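Undergrad: generate coordinates for the sequence data below:
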Amino acid sequence: MKRAFLQLHIAVFLAGFTGVLGRLITLNEAVLVWYRLMITCCVLWILLLFQKRKPAASRKLFIQASSVGFLLALHWVTFYAGIKISNISTALVCLSAMGFFTAILEPIMMRRPFDIVEVLLGLLAIIGISIVFHFDPYYKLGIIISLFSAFLASIFPVLNRQILQKMDAETATRYQLSGGFLFITLLMPVYLYYFPVDRLLPTLSDWAWLLVLGILCTVVAYDLFMKALQKIPAFTVNLSYNLEPIYGIAMAFLIYREDKEVSPGFYYGFCLIITAVVLQTIRLKKISGKSKVERV
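TA: Okay, here's the model as predicted:
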């Protein structure tokens, strides 16, 4: 379990850096995601060739995993749209709503009773976001889009846990990201029709950051995330991902000095989100301790 938590938090740290990369890369959000998935899929399938083995999964499982990839691609597009419309800090704070959405959606999807503590902790993060929203109305559209992105992201681990019971993490990752790439490729003409762009080709600096995003922050981070999800519940994973804003916002403050752009309300809401993370961490430790005692 300790190894799973370590893998999870490394993945969270790498995920925090993706927000900064979303601003560094000058491409439109959908074009950015298309290149990210293209690089990622190329790396994953090349690695498979070097391993000289075939991915073991039925056609039905391939379709299921690919469908989850469609959801992931849409989450990424809305996430980067939120960053480009508002800023890194605001978009990352909104991702903290994942805990609340998961506390509601996971019991429904998995057909299990609601955990009132999970709901309350998730609700605490929502209150924090509402405070940011109240004090920063300038970023209203960015907040709404980022909240929708968080909703999509909350469904992802729940579906993933079901898939990981039937195939290994590496194969699931390859199928999901390939499915996401296919989805974004089919969506691109429609997206560009409604949201036209001046440039489709990355600059040299864009290519450099896209490689970092595609390999380190996607291939490596996603693999660690999937392995952790095999042993850690979806709600815990999503709540742990509330640390992503902490890492990402710290980088945004340091690199872009976004601390000068946000109001005092941002910090009030952010403190509530951190409180939810800390309380859940304490709760999990107590539950883990009781389980060990019972086993003895």
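Undergrad: which residues of the protein score low on pLDDT?
TA: 1, 52-57, 133, 135-138, 234-242, 281, 284-296 (pLDDT under 70).
Undergrad: what about 90?
TA: Regions of the chain meeting the criterion pLDDT under 90 cover residues 1-17, 19, 44-69, 85-144, 147, 150, 153-175, 198-199, 218-296.
Undergrad: I232: what secondary structure?
TA: What DSSP: H, G, I helix; E, B strand; the rest coil gives for I232 is coil.
Undergrad: burial measure for the residue nearest to it when sequence neighbours are not counted, as a count.
TA: Setting aside the residues directly before and after it, I232 is nearest to A4 in space (CB to CB, 6 or more residues apart in numbering), at 5.4 Å. The C-beta positions use only the backbone N, C-alpha and C, and glycine is treated the same way. Burial of A4 is recorded as 17 neighbouring residues (other CB atoms under 10 Å).
Undergrad: how deep is L272 tucked in, by neighbour count?
TA: 18.
Undergrad: in what helix or strand does the spatially closest residue to it that is not a sequence neighbour lie?
TA: Closest residue to L272 apart from its sequence neighbours, by CB to CB, 6+ apart: G128 at 3.4 Å. For G128, the host element (DSSP states H and E) is helix 116-135.
Undergrad: what packs against that helix?
TA: If contacts are counted by 3 or more CB pairs under 8 Å, 6 or more residues apart in numbering; DSSP states H and E, helix 116-135 sits against helix 88-94, helix 98-110, helix 140-163, helix 234-240, helix 264-295.
Undergrad: and the ones you listed, which is most packed in?
TA: For those, the largest average neighbour count (mean count of other CB atoms under 10 Å) is found in helix 88-94, namely a mean of 29.
Undergrad: how far does it sit from its chain's centre?
TA: How far helix 88-94 lies from its chain's middle: 12 Å, per CA atoms, centre = their mean, to the nearest Å.
Undergrad: contacts for it?
TA: With CB atoms under 8 Å, 6 or more residues apart in numbering as the test, helix 88-94 has contacts from 16, 19-20, 22-23, 79, 82-83, 128-129, 132, 136, 139, 142-143, 146-147, 149-150, 244-245, 248-249, 251-253, 256, 258, 261-262, 266, 269-270, 273.
Undergrad: can you redo the helices and strands packed on helix 116-135 as CSV with distance to E118?
TA: As requested, the helices and strands packed on helix 116-135 are exported to CSV (distance: least, CB to CB, whole Å):
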stretch, distance to E118
helix 88-94, 19
helix 98-110, 4
helix 140-163, 12
helix 234-240, 5
helix 264-295, 8
